[in-house]
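> for reference, the sequence and a predicted model appear below.
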Amino acid sequence: MTRALREGHSIALNVCGEAGALVAKPGFDNAVLENRMGFVRLALSTGSPLVPVYVFGLVDSYQTSPTWLYPVQRFFHKNLRWALPVFYSEKFLWLPDQNKLDIVIGKPIEVPRPPTWGAKPDPETTRKMHAKYIEALKNLFDKHKGRFGFKDRNLKIVNAKKPY
């Protein structure tokens, strides 16, 4: 990733990660972002802008694990730092349901240039930029949710350390 950024390329990260897959449920728009700072530190250390992106309909594309398997998944994720994502759809078993996905991309959030490329950012700047990103993502969600049929939903920011 850092090589691509150093060469001037853009990268995309699923910042919600494995925990996001484990808490995904149809009808509930959750983003596992609280206390998740690595993507912000990467942006700050390379001077790369943060770009909020949301995919409407993604959580409705599949069902996550049956409830009896959830404690096993939590154990693996909490103790081994490895998720055991099991998902299925109502019609296609291991393939997602065929439904419309709408991707919205927000305005890039410029970050301060580091004194030297790859320098470790200070924690206060990291927290401020993280809060700015979350605010921009929520605003992006709220701005477009009615347009795509999700007007009654809200984006919930979930704690990465306790996503369950």
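In hand now; what should we look at?
> and stretch 112-131, what's buried?
114, 121, 126, 129-130 (16 or more other C-beta atoms under 10 Å). Yep, even glycine has a C-beta here, placed from its N, CA and C like the rest.
> same thing with stretch 40-56?
40-46, 48, 50, 52, 54, 56.
> could those residues be laid out in TSV, adding distance to Ala4?
As requested, the buried residues of stretch 40-56 are arranged in TSV below (distance: C-beta to C-beta, whole Å):
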residue	distance to Ala4
Val40	18
Arg41	17
Leu42	11
Ala43	13
Leu44	17
Ser45	14
Thr46	10
Ser48	10
Leu50	16
Pro52	20
Tyr54	23
Phe56	27
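> farthest-apart pair in those, please.
Using C-beta to C-beta, the two most remote members of the buried residues of stretch 40-56 are Ser45 and Phe56, lying 31.0 Å apart.
> so which strand or helix has Ile157?
strand 155-159 (DSSP states H and E).
> for the buried residues of stretch 40-56, which one is nearest Ile134?
Pro52 (8.7 Å).
> quick one: contacts for the closest one?
By C-beta atoms under 8 Å, 6 or more residues apart in numbering, the residues touching Pro52 are 105-106, 109, 133, 136-137, 140.
> how far out from the middle of the chain is the helix or strand Val72 falls within?
Val72 is part of helix 70-80 when elements are defined by DSSP H and E. A distance of 20 Å separates the centroid of the chain from that of helix 70-80, by C-alpha atoms, centre = their mean, to the nearest Å.
> kindly report the same for stretch 41-56.
The answer for stretch 41-56 is 11 Å, by C-alpha atoms, centre = their mean.
> and what of stretch 127-143?
Worked out by C-alpha atoms, centre = their mean, stretch 127-143 lies 12 Å from the chain centre.
> returning to that earlier point: and which of the buried residues of stretch 112-131 is nearest Arg36?
Among the buried residues of stretch 112-131, and counting by C-beta to C-beta, the member closest to Arg36 is His130, at 8.1 Å.
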